[in-house]
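attaching a predicted model along with its sequence, questions to come.
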Amino acid sequence: MVYFAWVRERIGVAEEEVSPPAEVATIADLIDWLAARSPSHAAAFADRDRLRAARDQVFVPLDAPLAGAGEIAIFPPVTGG
Amino acid sequence: MVYFAWVRERIGVAEEEVSPPAEVATIADLIDWLAARSPSHAAAFADRDRLRAARDQVFVPLDAPLAGAGEIAIFPPVTGG
Amino acid sequence: MIRVRVSSAPIDIAAEMEAAEAEEGGAVATFTGLVRPDDGVSELTLEHYPGATERALEALAREAVARWSLAGATIVHRVGPMRPGERIVFVAASAVHRAAALQACAFLIDRLKTDAPFWKRETVEAGHRWVEPRAADDAAADRWRS
Amino acid sequence: MIRVRVSSAPIDIAAEMEAAEAEEGGAVATFTGLVRPDDGVSELTLEHYPGATERALEALAREAVARWSLAGATIVHRVGPMRPGERIVFVAASAVHRAAALQACAFLIDRLKTDAPFWKRETVEAGHRWVEPRAADDAAADRWRS
C-alpha cells in the first residue's frame, strides 16, 4: 500500500505491506478491511467519496478488483498544475 | 496617400501627395481617380477585391467617405503574425 | 498591464516571459510564431504601417484585458528581414485563472492576424513573393466577434 | 518529440522554450502556472506519486501529439516546496499551425489538473492545509473527452 497527501498524514505512514484475506476482492473491500484494523486508517478512509486509487500506478475506480496487484495506492482527488 | 506591400511596389512610391477634385467623395472614388491618372496606379488597383484601406491610420471600408482625412492608406489584405 | 512593441530587433522571450510572470496573475499563456523553413524560403520580410500598427495592437491588447479581466497582455511583433527559425511574433496573457489566460492568448493571435497592418514577403530563389491571406485566418478571427 | 520532467529544481523557461521552438513547427503555445501570493500562503509544497506521475504525463503528451499531429509536446512539473511567484508547471505544444498548438496546450494543462497524481499543500500562519480540487477543473478536463 502507498498513501499520499492527507490520506498519508492521517494514516501516519507513506507505505505499508498488508496481507488481506482472500475475501478482500476489490480496492473498496481493502479500504473497509484496513479501516477496521486501526483508528488512523478509519479516520483516513472516513469519507469514501474523497478517496481515489491506483493499481500498479494506473488510476482505477474504487470498485476495481485487486487482481493480484503488486502496489495499491490510496489518495485524495489530485490538485496539481 | 501611403501604400504598402505589393500595392506600393506596383505604384512605385511609398507615399505621395494628391489633390483630388471635390467630386471624389469616398476612398473608392479616390482609387478610381488615381487609376485613371497613371498605368502604375491602374495596375496596382486592378483587382478592387484585394484592396483594403485606412483613413488617418484606422481601418475603414473602401466606400468610406474621405471626410477631410489627412492620410489615406491603400494596401492588400494583411498577413502578419 | 499592456506591453506592445514593434521592432526590427530579435524578440527576447526570456525578458518578455519575466514581465508577463511578474503580473499579479498566477497563469500565463503564450503564443510564439516562428519563420518556418519550408518551401525554399531563405528570408521572410515583415512590412508594417508605422503608427497604425501600434495603435491596432494596443486596441487589441486593451480589448483582451477588458474581456477576460487580465492582469497583463503582451504583443511583440518583429518587422524587417528575418531568417528561418527566428521569432516573428510573441503574445502573452496573464490572468488569475488559466481559462482566461488561454482564451485571451488565442484571441490575441487570431485577431492580430486580421486586424493589424503587417505584410509578409518571402524571398525565394526566383525573387520574392507576397504571402496571400488565408481564409482560415478570417474564420479564426471571426469566432471572437459576437 | 515528447519532453516530460518532474523535478524539485526550478523550471528553466528559456531552455524549455528553446527546445519547443527547435521542433519543425512554426507555432508554439505555452502555459505557465505560478504560485500565487494570495491568502497569506508563505509556501506551497507539491507532493506526487513517483513513477505514476511520469507515466501519466507521458500518456497525456502522447495523446496530444497524436490528436493534433504536434511536432512536439513538453510537460515540466515542479515538486517539493516553492515560494510565491515561482513556477509550478510549464506546458508547451509545437505545431505547424497555431490552432493545433493553442488547443493542444489547453488540453495538456486542463487534463494534467485531473489526470496526474499531484497534490498541493499550502503553508499558512496557522500550519498547513491541503488544497481541495475545483469542480471547474473537472469540467475543463471533461470537455476534451469525446
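Nice, thanks for sending it over.

report the beta-bridge partners for the most centrally placed residue in chain C.
By Cα atoms, centre = their mean, the mean C-alpha position of chain C lies nearest to C:V89, the distance being 4.2 Å. Beta bridges link C:V89 to C:G33, C:H77, judged by DSSP bridges.

got a list of what it touches?
For C:V89, the contact set (Cβ atoms under 8 Å, 6 or more residues apart in numbering or on different chains) comprises B:G80, B:G81, C:I11, C:F31, C:T32, C:G33, C:I75, C:V76, C:H77, C:R78, C:I109, C:L112. For glycine as for every other residue, the C-beta is placed from the backbone atoms N, C-alpha and C.

from D:V124, how far out is it?
Separation of C:V89 from D:V124 (Cβ to Cβ, to the nearest Å) stands at 41 Å.

A helix includes C:K120, no?
No. Per DSSP: H, G, I helix; E, B strand; the rest coil, C:K120 lies outside any helix segment and is strand.

helices of chain C, start to end?
Counting by DSSP state H, chain C has helices at residues C:13-21, C:52-68, C:98-115, C:135-142.

ranking the ones you listed by burial, who's on top?
helix C:98-115 (a mean of 24; mean count of other Cβ atoms under 10 Å in any protein chain shown).

okay, the angle between that one and helix C:135-142?
Orientation check (axes from the mean of the first three to the mean of the last three Cα atoms, to 10 degrees): helix C:98-115 against helix C:135-142 gives 130 degrees.

check whether helix C:98-115 comes near chain B.
Yes. Helix C:98-115 reaches chain B (Cβ under 8 Å from any Cβ of the partner chain) through C:I109, C:L112, C:K113, C:T114, C:D115.

nearest residue to the last one other than its sequence neighbours?
The spatial neighbour of C:D115 that comes closest, neighbours along the chain excluded (Cβ to Cβ, 6 or more residues apart in numbering or on different chains), is C:A56 at 5.6 Å.

chain C against chain B: which residues are in contact?
Near chain B, when you scan chain C using Cβ under 8 Å from any Cβ, you find C:33, C:46-49, C:51-52, C:55-56, C:77, C:88-89, C:109, C:112-121, C:130-133.

could you rerun that using 6 Å?
By the rule Cβ under 6 Å from any Cβ of the partner chain, the part of chain C lying against chain B is C:33, C:47, C:49, C:51-52, C:55, C:89, C:112-113, C:116-120, C:130-131, C:133.

mind checking which of these are buried?
C:33, C:47, C:49, C:52, C:55, C:89, C:112-113, C:116-120, C:130-131, C:133 (16 or more other Cβ atoms under 10 Å in any protein chain shown).

how many neighbours does A:R52 have?
19 (other Cβ atoms under 10 Å in any protein chain shown).

measure it to D:R121 for me?
Taking Cβ to Cβ as the measure, A:R52 falls 17 Å from D:R121.

can you check C:S7 too?
43 Å.

of those two, which one has the most company?
Ranked by neighbour count (other Cβ under 10 Å), C:S7 and D:R121 place D:R121 first, with 19 against 11.

ok, A:M1 - contacts?
A:E16, A:V18, A:I72 (Cβ atoms under 6 Å, 6 or more residues apart in numbering or on different chains).

could you give the average pLDDT over stretch C:30-39?
The average pLDDT within stretch C:30-39 is 89.

count the residues that sit near the residue lying closest to C:E125 once chain neighbours are set aside.
Of all residues not flanking C:E125 in the chain, C:G40 sits nearest, at 6.2 Å (Cβ to Cβ, 6+ apart). Neighbours of C:G40 under the rule other Cβ under 10 Å: 10.

how far away is the residue nearest to C:G51 when sequence neighbours are not counted from B:P65?
Closest residue to C:G51 apart from its sequence neighbours, by Cβ to Cβ, 6+ apart: B:Q57 at 5.4 Å. In this view, B:Q57 and B:P65 are 16 Å apart by Cβ to Cβ.

cool, and C:A101?
41 Å.

got it, and C:A64?
Distance from C:A64 to B:P65, by Cβ to Cβ: 31 Å.

cool, A:R50 as well?
Applying Cβ to Cβ to A:R50 and B:P65 gives a distance of 66 Å.

mind listing what C:A73 touches?
So C:A73 contacts C:I2, C:A61, C:A64, C:V65, C:A93 (Cβ under 6 Å, 6+ apart).

kindly report the same for A:Q57.
Here A:Q57 is in contact with D:G51, D:A52, D:R55 (criterion: Cβ under 6 Å, 6+ apart).
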